[in-house]
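Engineer: I need the structure of the sequence given here:
(chains A and B)
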Amino acid sequence: MLSARIVLIFARLAVWEASRRRLLLAVAVLTLIVIAATAWGFSKLAGPTLDRGQPLSQTELRVIASQLLIVIAFLFAAVLALMAAVVGAPSISGELESGLALALLARPVRRAEMVLGKWLGLGALLVVYAVLSGALELIVVDLTTSYLPPHPVQLIAYVTGVGLILLTLTLFLSTRLAGMTAGIVPLICYFMAWIGGIVGGAGQALANDTLTAIGTATNLLLPTDGLWRGAVYAMEPAAVVAGLQQAGPAAAASPFSAAHPPAPAFLVWTAVWFLAMLALTLWSMHTREV
Amino acid sequence: MELTKRYGATLALAGLTMTVPRGQVFGFLGPNGAGKTTAVKLLLGLLPPTAGEGWVLGRSIRDVEARRRVGYLPEHFRYQPWLSGREVLGLHCRLAGLARATWPEEVDRALRLVGLQEWADRRVHAYSKGMQQRLGLAVALLGSPELVILDEPTSALDPVGRYQVRQVIHHLRERGTAVFLNSHLLTEVEMICDRVAMVDRGRVIATGTLDELLGGHAVRLRVGGLDLRQRASLDRFGRVDDDGEWITLRGLAPDRVPELVTEVVAMGGRVYAVEPRQQSLEDRFLQLLGGEG
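Structural biologist: From the prediction side, this is the model:
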């Protein structure tokens, strides 16, 4: 039986380390700068435009704000993916390489408790970061343009999912590979999955089965792009969604648009992928020699 | 019993069988790469054995609970550089499952034993190598363990630090704690260990108390005027090792030396030198490694 007490000790240790190493401070400061910059940008959007000398109509403003928000959300999702990879990669491999893990694992501690604790601690950091930065950005956009995406909770949930998926993959690799390798590989996979999504979309637009299959395969191997599309859908006002649905398959090629929310089967697959990767990580750590 | 560890084609430990008695200081000796650290890691469940079984304080080494009453200082010690020494000790109090009320006292006692009180609230990254090893020793001493495993515990310490570690080990023995000391510093082992096992290429090549291992006393004689037969006849005093100039007699009690000298003189020999000596652990170690044991 795993001990929740030990898991929480390791979770707390992971958060403590991030705080002591000034990671939390650095991320908070930079995020606030980004949010302040976007607030300034959105506030300018609501003012008179150069060619017309008068402000955009409410509908125009909503559409433009929603599109800009999608690009900003992409930045946040990428930052979250980077954070997951950079923080997760050395967390197991570094401690194994340096010998730090020896003293810890010689205690009455199961390796699964250590791994789950790290996952929980780092995962909690990602969730808190995604929720706080996401909520703050949405508030700022709402205050400057009076636009709030139709599904803000889903938006933040999907973006958080991207971070957690990448964290889980990174921790798995961190049980076997050196820190830098365990960090780079998930990031490459993340961007390849994104490209894979674009290829799949192009396949749909061109009715090319091979390209569509590539998109489906990359999405099954690493479901981050599917979750990203869910976030995009959550940010699109009804008018944009209606336009995309009218445009048919041709609209699918853009990585910044989604005509439909993620299929329930895909969400189930994502949950299965996630649990399988976590189980694989525990097994990998259990069988590793330290 | 018959603990075996294989890394691919490399046999790190070949059927290790030995017993560490409770309350004694047990020295585990061997050259670099002999399998000492592998044995320790197997005992602590850090590595799974390829074959065999081991027990620590009555529990199988595969049982996590076996480690509850064990303290460990790794050979390659390293502690969270972003924590203070006191915080590292607090973390290990938690992981060891010690009662919360005892933590401050446990931490202070461990810090005092290794002489780190003044540095307790500084971050570990500011510690010297020797201080980190002292911290590791303090971690191993938390919670009054019944077994303390020290893997090369003085490798980063100066002579004063080494002396202090020996004092700590003496203190542990007085308290009835078993100490498993992994070392290749033979003089150190000779000073503090009750029992010793020597390991080479993954096998125990000798084990016993120091007296048993060193085979008691020996005497070296430089003698002239005796022929080969006469020199060999001295074997009734002990095992004869004759290099032509010096005759070494092993296993001879010191009180029989005058009798030996009288015998040599009676045979017509001339005695130039008599050197009673006890074989050092180093001599014995080299002898065993050379296959002369």
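
Engineer: List the residues that contact the closest residue to chain A within the stretch 101-250 of chain B.
Structural biologist: Closest approach between the stretch 101-250 of chain B and chain A, counting by Cβ to the nearest Cβ: residue B:139, at 6.1 Å. No exception for glycine: its C-beta is placed from N, CA and C like everyone else's. Counting by Cβ atoms under 8 Å, 6 or more residues apart in numbering or on different chains, residue B:139 makes contact with A:103, B:71, B:73, B:79, B:88, B:89, B:92, B:110.

Engineer: Now go through these and say which are in helices.
Structural biologist: By the criterion of DSSP state H, membership of the contacts of residue B:139 in helices covers A:103, B:88, B:89, B:92, B:110.

Engineer: Pull up the gap between the first one and chain B, please.
Structural biologist: Summarising the geometry, the distance separating residue A:103 from chain B, computed by Cβ to the nearest Cβ, to the nearest Å, is 6 Å.

Engineer: Surely that residue touches residue B:74?
Structural biologist: Yes - under the criterion of Cβ atoms under 8 Å, residue A:103 makes contact with residue B:74 at 6.0 Å.

Engineer: where do the contact lists of these two overlap?
Structural biologist: residue B:136.

Engineer: Residue A:279: how many residues sit nearby?
Structural biologist: Using other Cβ atoms under 10 Å in any protein chain shown, residue A:279 is surrounded by 12 other residues.

Engineer: whoops, I mixed them up, residue A:153
Structural biologist: So residue A:153, with other Cβ under 10 Å, has 12 neighbours.

Engineer: again, but for residue B:16
Structural biologist: For residue B:16, the neighbour count with other Cβ under 10 Å is 25.

Engineer: which residues touch it?
Structural biologist: Listed by Cβ under 8 Å, 6+ apart, the contact partners of residue B:16 are B:2, B:3, B:4, B:35, B:39, B:52, B:199, B:202, B:203, B:204.

Engineer: Give me every residue in the stretch 1-150 of chain A lying close to chain B.
Structural biologist: Residues of the stretch 1-150 of chain A lying close to chain B by Cβ under 8 Å from any Cβ of the partner chain are A:6, A:9, A:13, A:16-17, A:20-21, A:98-100, A:102-110.

Engineer: rerun that using 7 Å as the cut-off
Structural biologist: A:6, A:9, A:13, A:17, A:20-21, A:98-100, A:102-110 (Cβ under 7 Å from any Cβ of the partner chain).

Engineer: How confident was the prediction at residue 257?
Structural biologist: You didn't say which chain, so I picked chain A. Here, the pLDDT recorded for residue A:257 equals 89.

Engineer: try again with chain B
Structural biologist: What the model reports for residue B:257 is a pLDDT of 88.

Engineer: For it, pull up the helix or strand it's in.
Structural biologist: helix B:257-266 (DSSP states H and E).

Engineer: Please apply the same query to residue B:199.
Structural biologist: Assigned by DSSP H and E, residue B:199 falls in strand B:195-200.

Engineer: Residues contacting the helix or strand just after that strand, please?
Structural biologist: Where DSSP H and E defines the elements, the next helix or strand beyond strand B:195-200 is strand B:203-209. The contact list for strand B:203-209 (Cβ atoms under 7 Å, 6 or more residues apart in numbering or on different chains) reads B:14, B:16-18, B:194-199, B:213, B:288, B:293.

Engineer: rerun at 10 Å
Structural biologist: Strand B:203-209 has contacts (Cβ atoms under 10 Å, 6 or more residues apart in numbering or on different chains) with B:11, B:13-19, B:24, B:26, B:28-30, B:34-35, B:39, B:193-200, B:212-215, B:284-285, B:287-289, B:291, B:293.

Engineer: Need the buried ones from those residues selected in PyMOL.
Structural biologist: In PyMOL, this line selects whichever of these come out buried by 16 or more other Cβ atoms under 10 Å in any protein chain shown:
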select buried, chain B and resi 11+13+14+16+24+26+28+29+30+34+35+39+193+195+196+197+198+199+200+213+214+215+284+285+288+289
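
Engineer: Okay, buried residues for stretch B:128-142 please.
Structural biologist: For stretch B:128-142, by 16+ other Cβ under 10 Å, it's B:130-142.

Engineer: Using TSV, lay out the residues you listed together with secondary structure and pLDDT.
Structural biologist: Shown next, in TSV, are the buried residues of stretch B:128-142 (DSSP: H, G, I helix; E, B strand; the rest coil; pLDDT from 0 to 100):
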residue	secondary structure	pLDDT
B:130	helix	92
B:131	helix	94
B:132	helix	95
B:133	helix	95
B:134	helix	94
B:135	helix	96
B:136	helix	96
B:137	helix	95
B:138	helix	97
B:139	helix	97
B:140	helix	96
B:141	helix	95
B:142	coil	96
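
Engineer: Find the pair from the residues you listed with maximum spatial separation.
Structural biologist: Spatial extent of these (Cβ to Cβ) is set by the pair B:130 and B:142 at 19.6 Å.

Engineer: Residue B:222 falls within a helix, correct?
Structural biologist: No - Residue B:222 is assigned strand when assessed by DSSP: H, G, I helix; E, B strand; the rest coil, not a helix.

Engineer: quick one: residue B:42 from chain A, how far?
Structural biologist: Relative to chain A, residue B:42 is positioned 10 Å away (Cβ to the nearest Cβ).

Engineer: does that residue really touch residue B:55, like I thought?
Structural biologist: No - Residue B:42 is not in contact with residue B:55 according to Cβ atoms under 10 Å; the separation is 11.6 Å.

Engineer: Nothing else from me, thank you.
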